[in-house]
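Colleague: this is a predicted model, with the sequence first.
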Amino acid sequence: MNVLTAIAKSFAPPAAYEEAAFEWKWKAIAYILTLSAICAAATSAMSAKPLSDFYEKFILPAIPLMESVEISRGGVKTPDGKPVEFKSASGKTFAVATPGKLDAAAVKGLAFSVERDRLSFYGAGFEQSLPFESFLPPGESAKLSDLFPPKGVMLWAVLPAVFFAASLFMNAVYSLAMGLAAKTLALGAMPSLGYWKCAKIAMLAVTPPTLIDLLLMALVGVPMPGLVFAAIAGTLVWISIRAVAKKRASGTAA
């Protein structure tokens with residue numbers, strides 16, 4: 001069974017789950033890479049239009065002014081040492097660069113800011129800051145415009161790569177965590193089932209809720225609640241382990 005067939009059959013346990021647990025070795029790696037690639041492709045497609053619009057309306061009009069701002073581990077340099085506001089095509093300020101530090105009230109309505117020793121991004125109810133030292137080597141500097149690659153590169157290279165890395169990390173975490181739950185469930189039905197076999201069963205079990213979640217995001221823009229995700233995956237794990245345990249017990253008895 002190839003990995004694409006297994007993805008489809010993950011919605012109908014337990015055959016694919018049993019094969020993954022007892023026969024897969026390198027295929028388990030191929031499976032999670034393929035699933036992550038599907039997730040990355042879907043999320044990239046959903047994000048392409050908003051990102052393209054953001055570049056056209058905000059980043060591209062501000063690039064000439066961004067070239068006048070220099071950042072390094074030593075701080076932010078602006079042409080006259082004063083804060084620089086970056087405006088969208090419509091004239092709205094969406095970002096600020098300053099050698100000093102912005103007041104909390106000053107970041108309202110901004111997409112990002114560059115201040116003193118960090119790059120900060122803002123959204124609905126969140127703020128994420130990256131110290132310059134996390135992405136600038138010692139002694140080196142960069143123009144602020146260098147942080148924004150050409151739109152085509154961002155859409156077709158950077159965005160898919162970021163989403164693939166994030167998807168791979170999350171799918172691995174989900175599989176390993178659900179593997180622990182699967183091992184706990186297996187203690188009663190099939191104690192001999194090892195953790196790594198349970199993790200491979202879990203890897204298939206997280207596939208249906210993952211794909212359903214992507215579909216929900218594409219259709220209605222709302223992610224699946226975490227409890228629902230866990231409930232679907234947990235149910236598939238339980239069904240699979242019970243079925244595999246029963247089948248193998250019958251085979252042993254025969």
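Modeller: Alright, I've got the coordinates.
Colleague: tell me the contacts of Tyr174?
Modeller: Counting by Cβ atoms under 8 Å, 6 or more residues apart in numbering, Tyr174 makes contact with 202, 206, 210, 233. The C-beta positions use only the backbone N, C-alpha and C, and glycine is treated the same way.
Colleague: show me the beta-bridge partners of the residue nearest to Gly74 when sequence neighbours are not counted.
Modeller: Closest residue to Gly74 apart from its sequence neighbours, by Cβ to Cβ, 6 or more residues apart in numbering: Ser141 at 7.9 Å. For Ser141, the beta-bridge partners under DSSP bridges are Ser72.
Colleague: so Ser141 makes contact with Val69?
Modeller: No. Taking contacts as Cβ atoms under 8 Å, Ser141 lies outside contact range of Val69: 10.5 Å.
Colleague: mind checking which of the two has more residues around it?
Modeller: Between Ser141 and Val69, Val69 has the larger neighbour count (other Cβ atoms under 10 Å), namely 20 against 15.
Colleague: any idea how far the more buried one lies from Phe22?
Modeller: 58 Å (Cβ to Cβ, to the nearest Å).
Colleague: likewise for Ile38?
Modeller: Look at Ile38 and Phe22: by Cβ to Cβ, they are 25 Å apart.
Colleague: which of the contacts of Tyr174 fall within helices?
Modeller: Here DSSP state H is the test, and the contacts of Tyr174 give 202, 210, 233 as lying in helices.
Colleague: so which of those residues wins on neighbours?
Modeller: In terms of neighbours by other Cβ under 10 Å, the ones in helices among the contacts of Tyr174 top out with Ala202 at 29 neighbours.
Colleague: picking that back up, which of Ile38 and Phe22 has more neighbours?
Modeller: Neighbour count, other Cβ under 10 Å: between Ile38 and Phe22, Ile38 has more, with 18 against 13.
Colleague: quick check: nearest residue in space to Ser47, chain neighbours excluded?
Modeller: Leu159 (6.3 Å).
Colleague: show me the contacts for the one you found.
Modeller: Taking Cβ under 8 Å, 6+ apart as the contact definition, Leu159 lies against 44, 47-48, 51.
Colleague: mind giving me the PyMOL select for those residues, buried ones only?
Modeller: Buried residues among these (16 or more other Cβ atoms under 10 Å), as a PyMOL selection:
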select buried, resi 44+47+51
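Colleague: gap between Val84 and Thr235?
Modeller: From Val84 to Thr235 the distance is 54 Å (Cβ to Cβ).
Colleague: more neighbours: which of these two?
Modeller: Val84 (20 against 14).
Colleague: if I pick Ala199, what's in contact with it?
Modeller: Counting by Cβ under 8 Å, 6+ apart, Ala199 has contacts 175-176, 178-179, 182.
Colleague: on that earlier part again, what helix or strand does the residue nearest to Ser47 sit in?
Modeller: In the assignment (DSSP states H and E), Leu159 maps to helix 159-189.
Colleague: and Gly74, how many neighbours?
Modeller: 13.
Colleague: please report how far the most centrally placed residue in the chain lies from Glu18.
Modeller: Nearest residue to the geometric centre of the chain (Cα atoms, centre = their mean): Ala166, 3.1 Å. In this view, Ala166 and Glu18 are 30 Å apart by Cβ to Cβ.
Colleague: same question for Ala105.
Modeller: As for Ala105, its distance to Glu18 is 59 Å (criterion: Cβ to Cβ).
Colleague: between those two, point out the one with more neighbours.
Modeller: Each of Ala105 and Glu18 has its neighbours counted (other Cβ under 10 Å); Glu18 has more, 19 against 6.
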